[in-house]
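K.L.:
Return a 3D structure for these sequence lines:
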Amino acid sequence: MSTRARILEVAAELVAESPDGDISTRAVCEGAQVGAPALYRHFGDKAGLLSAVVDHGFDAYLATKRERGDSGDPVEDLRNGWDGHIDFARRNPNLYRLMNSPAMRTPPASAIEAHRILTRDLERAAEQGKLRIAPEAAAQMIMSATTGVALMLVARPATFPDAATSVRVRDAVHAAVFTPDAWTAEPEDAEVPSVAARLAALLRRSQGAGLSAAESALMTEWLDRVSSGGPERG
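P.N.:
Sure, this is the predicted structure:
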């Protein structure tokens, strides 16, 4: 293993194990058994090292996108792309937070490539007449929404415990981006969640509507579950 690869491997392990995702160059040098000059020769500074760590970690995820080939349905590819992005973030929380940290002065090459792949899929959708807006504008909407959801799920899991949140935001954004004939939500009755949400709100406002506190709490829990699309928890 080359010196550069050894430094990267140690840095990636330290990032994954760190409580806050931060690492010191001294710890990296000690773990890789190299001197500071070797680290700076290969990566320039700590920011350069962290950028390389992000690219190294994200490369496996991007490899699946590079190799998958385009299906005949860019909308389905984009839906799967959103889900894959969220899955990567949840499996690599420190790496994902680092990738989107303001401390990263230069966007990692992996982030730029991910945006390029997203834009390419949207261009395919536009060619098929399935896009409401320009591909670049759609890419900005989708990427910002995906990143926001992913960061909330990994940074505030207690506030955002429901894995289905990502699906709901994805469907709302895609419905705004794609033409009606290109985008259809899941084939379930949309009135049921809406009615459940309304009943839950009315129940709270009426302070139980004659139910006991326990009955009211249970009924509200059921209605909230139905209005949220199911019991799935992340």
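K.L.:
give me the number of residues near the residue lying closest to residue 153 once chain neighbours are set aside?
P.N.:
In space, and not counting its chain neighbours, residue 153 is closest to residue 160: 5.3 Å by C-beta to C-beta, 6 or more residues apart in numbering. From N, CA and C alone the C-beta is placed, and that goes for glycine too. Neighbours of residue 160 under the rule other C-beta atoms under 10 Å: 16.
K.L.:
What of residue 129?
P.N.:
Look at residue 129: counted by other C-beta under 10 Å, it has 9 neighbours.
K.L.:
three-state assignment of the residue nearest to residue 153?
P.N.:
coil (DSSP: H, G, I helix; E, B strand; the rest coil).
K.L.:
Does it touch residue 150 like I think?
P.N.:
No - under the criterion of C-beta atoms under 8 Å, residue 160 is not in contact with residue 150, lying 10.2 Å apart.
K.L.:
circling back to that earlier point, look up phi and psi at the residue nearest to residue 153.
P.N.:
Main-chain dihedrals, residue 160, degrees, to the nearest 10: phi -120, psi 70.
K.L.:
Please shift the residue numbers so they start at 383 in all later answers.
P.N.:
Got it, first residue is 383 now, which makes that one residue 542.
K.L.:
pull the longest helix from the protein.
P.N.:
When the chain is parsed with DSSP state H, its longest helix is helix 428-450.
K.L.:
now for it, which elements pack on it?
P.N.:
Counting contacts by 3 or more C-beta pairs under 8 Å, 6 or more residues apart in numbering; DSSP states H and E, helix 428-450 packs against helix 385-399, helix 407-414, helix 418-425, helix 456-473, helix 475-481, helix 491-509.
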